[in-house]
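Asks: Turn this into a structure:
(one chain, ligands or ions: 1)
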Amino acid sequence: MIEFRSVTKEYPDGTRAVEDFSLVIPSMKTTVFVGSSGCGKTTILRMINRMVDPTSGSIQIDGADIGGIEPVGLRRSIGYVMQNSGLLPHRKVVDNIATVPLLKGVKKAEARQQALELMDTVGLDRAFADRYPSQLSGGQQQRVGVARGLAVNPNILLMDEPFGAVDPLVRSDLQEELIRLQRDLEKTVVFVTHDIDEAFYLGHQVVILQKGGHIAQVGTPAEILANPADDFVATFIGANRGKRALHIEETPTGSILVDDDGRPAGTLTGPVPVSGSRDTSGGQR
Ligand SMILES: Nc1ncnc2c1ncn2[C@@H]1O[C@H](COP(=O)(O)OP(=O)(O)OP(=O)(O)O)[C@@H](O)[C@H]1O
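Replies: Residues are numbered from 1 along each chain as shown. Have a look, this model is predicted:
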């Protein structure tokens, strides 16, 4: 579990990117931060691995205040995947994936073997191992980025708009892959996006942010869809969701998700949990 307690981040130029932010991020689930540009998503994410340190407040991982953990070691124990994959252009795919294990002293042959296995995990053909990043498509590069993020077998995987720059079909494949990975590997995934559809699709817990990292609403997709906290949230989830705008309708046999054209898009099974397992079956995926 990751817990933010009254966290504020003021950058040296006086910008208060995040103000009095408190949140619990459950383990082994996917939490998605969604909000407009500049609302503080990246700042919040980077405070988890101490790429950014808070000005005040504290962050705990499994009860330990990370302010007391040496930043480089912490960073190397948490997976981080960014937009445009952030791969080193002059290193082969396999060496990119093995970067952090090698830094941590894993033997080269062992690191390479692990990297090849991670290529299988993220659905990349091992034939790409000796290519350079520029010789891969954008979607393949993102898979390499995810493999690199997983290379130290972290409990926590931070993902900052990892699929923002790929076309919609590839993006959809990558989203499917991430859902499978998260479920199979039981990672705690913290994911940042602008896209509310992506947030609802991936998130067990979705956090809708406003400027300054103010939480407009936090909940499961079903909770937010059923009860938007205010006009801001209602507009945000409506305006951003275009043709697929979904709402919940009660029927004699249970709750169903209905799209803007009145077509059922899925069912909701059982009571809506406060947080926890995905409760749509055949709904948003
Ligand atoms: N190093 C920095 N120095 C000063 N201000 C910064 C710095 N990094 C971010 N900011 C400011 O902090 C605020 C939050 O930025 P942040 O990158 O966290 O937002 P974001 O929601 O991730 O935005 P985007 O979606 O555009 O990536 C913005 O006003 C931004 O300009």
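
Asks: Need the phi and psi values for the residue of the stretch 151-285 of the chain found nearest the ligand.
Replies: Closest to the ligand within the stretch 151-285 of the chain is His194: 5.9 Å, counting by C-beta to the nearest ligand atom. All C-beta atoms are positioned from the backbone trio N, CA, C, and that covers glycine. Torsion angles at His194 (phi, psi; degrees, to the nearest 10) stand at phi -90, psi -10.

Asks: do you know how far it is from Asp160?
Replies: 11 Å (C-beta to C-beta, to the nearest Å).

Asks: Which residue of the two possesses the greater neighbour count?
Replies: Asp160 (19 against 15; other C-beta atoms under 10 Å).

Asks: Run through the bridge partners of that one.
Replies: Beta bridges link Asp160 to Met82, Val192 when assigned by DSSP bridges.

Asks: isn't it right up against Leu45?
Replies: Yes - if you go by C-beta atoms under 8 Å, Asp160 and Leu45 touch, sitting 5.6 Å apart.

Asks: quick one: common contacting residues for those two?
Replies: Val192 (C-beta atoms under 8 Å, 6 or more residues apart in numbering).

Asks: tell me the contacts of the residue of the stretch 151-285 of the chain closest to the ligand?
Replies: Counted by C-beta under 8 Å, 6+ apart, His194 has contacts Val34, Gly35, Ser36, Ser37, Glu161, Gly164.

Asks: what's the answer for Met1, then?
Replies: Val24, Ile25, Pro26, Ser27, Gln60, Ile61, Asp62, Gly63.

Asks: Residues touching stretch 94-107, excluding its own?
Replies: 76, 87-88, 91, 108, 110-112, 114-116, 118-119, 129-130, 133, 144, 147-148, 151-152.

Asks: And the pLDDT at the residue positioned nearest the centre of the chain?
Replies: In the chain, the residue lying closest to the centroid (C-alpha atoms, centre = their mean) is Phe191, at 1.5 Å. Phe191 is assigned 97 on the pLDDT scale.

Asks: Enumerate every residue touching it.
Replies: Phe191 touches Thr30, Thr31, Val32, Phe33, Met159, Pro162, Leu178, Ala199, Leu202, Gly203, counting by C-beta under 8 Å, 6+ apart.

Asks: Equivalent analysis for Phe163, please.
Replies: Here Phe163 is in contact with Gln142, Val170, Arg171, Leu174, Gln175, Thr193, Glu198 (criterion: C-beta under 8 Å, 6+ apart).

Asks: Could you give me the PyMOL selection string for whichever of these are buried?
Replies: To isolate the buried members of those in PyMOL, using 16 or more other C-beta atoms under 10 Å:
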select buried, resi 142+170+171+174+175+193+198
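
Asks: Just the contacts of Phe163: which are in strands?
Replies: Thr193 (DSSP state E).

Asks: and the contacts of Phe163 as JSON lines, adding distance to Gly219?
Replies: Listed next are those as JSON lines, based on distance: C-beta to C-beta, whole Å:
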{"residue": "Gln142", "distance to Gly219": "28"}
{"residue": "Val170", "distance to Gly219": "29"}
{"residue": "Arg171", "distance to Gly219": "24"}
{"residue": "Leu174", "distance to Gly219": "25"}
{"residue": "Gln175", "distance to Gly219": "20"}
{"residue": "Thr193", "distance to Gly219": "16"}
{"residue": "Glu198", "distance to Gly219": "16"}
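
Asks: which among the contacts of Phe163 gets closest to Asp13?
Replies: Nearest to Asp13 among the contacts of Phe163: Thr193, at 26.2 Å, using C-beta to C-beta.

Asks: Please look at the closest one and Thr30 and confirm they touch.
Replies: No - assessed by C-beta under 8 Å, Thr193 is found out of contact with Thr30, at 11.2 Å.

Asks: who touches both of those two?
Replies: Leu202.

Asks: What segments of the chain are strands?
Replies: Going by DSSP E, the chain shows strands at 2-10, 16-25, 30-34, 56-61, 64-65, 79-82, 156-160, 188-193, 205-210, 214-219, 246-251, 254-259, 264-268, 280-281.

Asks: Next, the buried residues of the second one.
Replies: The reference is to strand 16-25. Ala17, Val18, Glu19, Phe21, Leu23, Ile25.

Asks: Reformat those into a markdown table and put distance to Thr99 and pLDDT next to each item.
Replies: Output for these, formatted as a markdown table (distance: C-beta to C-beta, whole Å; pLDDT from 0 to 100):
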| residue | distance to Thr99 | pLDDT |
| --- | --- | --- |
| Ala17 | 28 | 97 |
| Val18 | 29 | 98 |
| Glu19 | 35 | 98 |
| Phe21 | 31 | 98 |
| Leu23 | 30 | 98 |
| Ile25 | 26 | 98 |
